[in-house]
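give me a model of this one.
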Amino acid sequence: MSSLTIPRPVPVQRFRLPKKNIPQTPIERTHILKSIRNYVAEYNPVPPLPLEELKVHADRVVEMLRCDPIYRDYIGVLINNELWRETLAAVPFERRLLLLPKCLRVESKCPAPFDEFGLLCKQCGLCTIQDLQTEAERLGYAVLVAEGSAIVMSLIQTGKIEAIVGVSCLSVLERAFPYMEAAAIPGVAVPLLQDDCIDTTVDLDWVWDYIHLTSDDRTRRLDLSALRDEVDFWFTPASLDLVMGGAEGETEKIARDWLARAGKRWRPFLAVAVFQALRESPGAALPEDIRKLAVAVECFHKASLIHDDIEDNDAMRYGEKTLHEEHGVAVALNVGDLLIGEGYRLIGACRISAEQKAEMLGIAANGQRQLCRGQGAELCWMKSPTALTALQVLEIFRSKTAPAFEVALRLGAIYAGLEAHEEVADVLAAYSEALGIAYQIRDDLSDLGKKGETNDIEGLRPSLLLAVASERAQGDQKAMLDALWRRQPGINAEQVEALYLQLKADERAKLLLETYKEEAIRSLRDLENASLKGLLRRVIGKVFNDTEIKGWCKEFEQKNAANRVPAPAEAHLESPLESGMLRA
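Just a heads-up that it's a prediction; the model follows:
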């Protein structure tokens, strides 16, 4: 591949003070939302609730959570959202209004004028308004970028609007609430994350979830956290014995112990989630065979980690010794090979049609092949290391990480039925590619310097941060990074990490992470199955919000305007690699 230069990203918005009365991390917000859903399910308050009654429920939740009372208004908004959630889901998109605040724009650069109905977006790509408005209108929404209850009430009175999805600050939501209650209009709201009214941000995953909420999605009530907990339980020693049979001999015991060790379990979770979305009864108990497939997927993954750790000469994994450090290289290699065999054995043991089984085995084998080719490209590079471009590093990510996600997604789809799989196979391939690249970028960021579990700098491994920094560095800086590319020992990790920050390689990587997350969502655009579409969209938020990168607000709203051209819905949507986003 030829060397390509990554363009400098558009400057990010200036720092805004966070709301003191709104939790700032996705993990905090998710925890509160989950508790509120449990509360609403137990007490079942009936909407519309007067404001005073809503505050009583909010006070109860504050006491139940033992959280700061300053969050009461925020919790009240979430309770009201949950009361109306199912009603909103039943309202057709074309009978809904999306109400966005003009303060989401970058005020100093926004070219859009105003009329009596609000902002007339110019589709400049500088903020999130364009993305939200375009997608909502594609679905059939009426969209307003304005504040003011008078406009909203006039639309309600026409009888054409039956539900509202709103984004606003808490103070505006409080003023608008009496009008909503009086009209008994189903409404959900997503509070802004800043105190002032300039260049604000919002939890985009949350907004997208509400925009796409529909009763056609049979998985909308599915608790992804509970599903993930259930999948994680399958990897306890007792559960593994039930699925795989008792371990025989020391080698199998070592393999089972490694399989049960810490891990995020995203791949088995994805396999089960896709099956849940495509089956006729998503809420029914999970069949025994889906457990076999989930464990098979994790067997493949844990085998690849054993082999990777040997090839990279890593001494630690999950905060413990790697398998080859604990038992020696020969034993570790053998255990890895055993786990690959176990994965295929479990697929073969599933009580499905011969056609389904053959398709699964073919997909698993091809995924293994693609993964080894990607790892092989990196190993061959290590024999004669030279500087890699960011595009070349992303290609390695595509080959090494994306295949495992695709195998997991497609095995779950095939278990739901060959016909169901055939209809969604192409979408799952595109989705897994973007998801895999984004996931690996996130790993690069979380492993940054000495704070990371596996330090890419001290391990002398290629990373996106190193590639971006190398393309921006000059003089002595470039010489130091070139030495790191050539895997020369004695590199000062803290000095390199400081250089990454100085050259803003981390900012560029974060922008690319957001780009590939967005690409994963865009890959679902033409998916007709509402349940799978909704679930996979929520999975993005689950995967990337579950572990937060410290010091980085995930609402990374600035877009690379010079490289973004709005495409019609029916046009082919190229990936960032295809479209040349990384080119100068």
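
how close does the residue lying farthest from the centre of the chain sit to P50?
In the chain, the greatest distance from the average C-alpha position (CA atoms, centre = their mean) is reached by G249, at 39.7 Å. To P50, G249 is 68 Å away according to CB to CB, to the nearest Å. All C-beta spots, glycine's among them, are computed from the backbone N, C-alpha and C.

before we move on, what about G374?
59 Å.

of these two, which one has the most company?
G374 (19 against 12; other CB atoms under 10 Å).

which parts of the chain are strands?
Taking DSSP state E as the test, the strands found in the chain are 96-100, 114-115, 118-119, 142-145, 163-168, 187-191, 316-317, 320-321.

now render those strands as JSON lines, adding distance to K504 and mean neighbour count.
Shown next, in JSON lines, are the strands of the chain (distance: least, CB to CB, whole Å; neighbours: other CB atoms under 10 Å):
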{"stretch": "strand 96-100", "distance to K504": "30", "mean neighbour count": "24"}
{"stretch": "strand 114-115", "distance to K504": "34", "mean neighbour count": "10"}
{"stretch": "strand 118-119", "distance to K504": "31", "mean neighbour count": "20"}
{"stretch": "strand 142-145", "distance to K504": "31", "mean neighbour count": "20"}
{"stretch": "strand 163-168", "distance to K504": "29", "mean neighbour count": "24"}
{"stretch": "strand 187-191", "distance to K504": "30", "mean neighbour count": "25"}
{"stretch": "strand 316-317", "distance to K504": "29", "mean neighbour count": "18"}
{"stretch": "strand 320-321", "distance to K504": "34", "mean neighbour count": "13"}
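
would you mind saying which of these lies nearest K517?
Nearest of those to K517, taken as CB to CB: strand 187-191 at 17.9 Å.

what is the closest one packed up against?
helix 72-90, strand 163-168, helix 170-183, helix 204-211 (3 or more CB pairs under 8 Å, 6 or more residues apart in numbering; DSSP states H and E).

out of the ones you listed, which is the most enclosed?
strand 163-168 (a mean of 24; mean count of other CB atoms under 10 Å).

elements contacting that one?
Packed next to strand 163-168, using 3+ CB pairs under 8 Å, 6+ apart, are helix 72-90, strand 96-100, helix 170-183, strand 187-191, helix 204-211.

flag whichever of those has the least confidence on average.
Ranked by mean pLDDT, the helices and strands packed on strand 163-168 bottom out at helix 170-183, which scores a mean of 69.

separation between the closest residue to E82 other than its chain neighbours and E86?
Nearest-residue entry for E82: V40, 4.5 Å, with adjacent residues in sequence omitted and distances by CB to CB, 6 or more residues apart in numbering. V40 is 10 Å from E86, where distance means CB to CB.

how about the contacts made by the residue nearest to E82?
Residues in contact with V40 (CB atoms under 8 Å, 6 or more residues apart in numbering) are 79, 82-83.

would you turn these into JSON lines with distance to E507?
Output for the contacts of V40, formatted as JSON lines (distance: CB to CB, whole Å):
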{"residue": "I79", "distance to E507": "37"}
{"residue": "E82", "distance to E507": "36"}
{"residue": "L83", "distance to E507": "40"}
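
H307: which of these is nearest?
Closest to H307, out of all of the contacts of V40 and judged by CB to CB, is E82, at 45.9 Å.

dump the C-alpha coordinates for stretch 160-168 into CSV.
Only the C-alpha atoms of stretch 160-168 are listed here, as CSV (Å, rounded to 0.1, in the frame of the first residue of the first chain):
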residue,chain,number,x,y,z
LYS,A,160,-50.8,15.9,12.8
ILE,A,161,-48.4,15.4,15.6
GLU,A,162,-49.1,12.5,18.0
ALA,A,163,-45.7,12.2,19.8
ILE,A,164,-42.6,14.3,20.4
VAL,A,165,-38.9,13.4,20.8
GLY,A,166,-37.2,16.4,22.3
VAL,A,167,-33.6,17.5,23.1
SER,A,168,-33.3,20.4,25.4
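
can you give me phi and psi for the nearest residue to Y74 once chain neighbours are set aside?
Leaving out its chain neighbours, the residue that sits closest to Y74 by CB to CB, 6+ apart is I22, at 5.2 Å. Torsion angles at I22 (phi, psi; degrees, to the nearest 10) stand at phi -130, psi 130.

who's in contact with I22?
71, 74, 170, 191, 193.

repeat that with 7 Å
74, 191, 193 (CB atoms under 7 Å, 6 or more residues apart in numbering).

who's in contact with the second one?
P191 is in contact with 22, 74, 77, 169-170, 173, counting by CB under 7 Å, 6+ apart.
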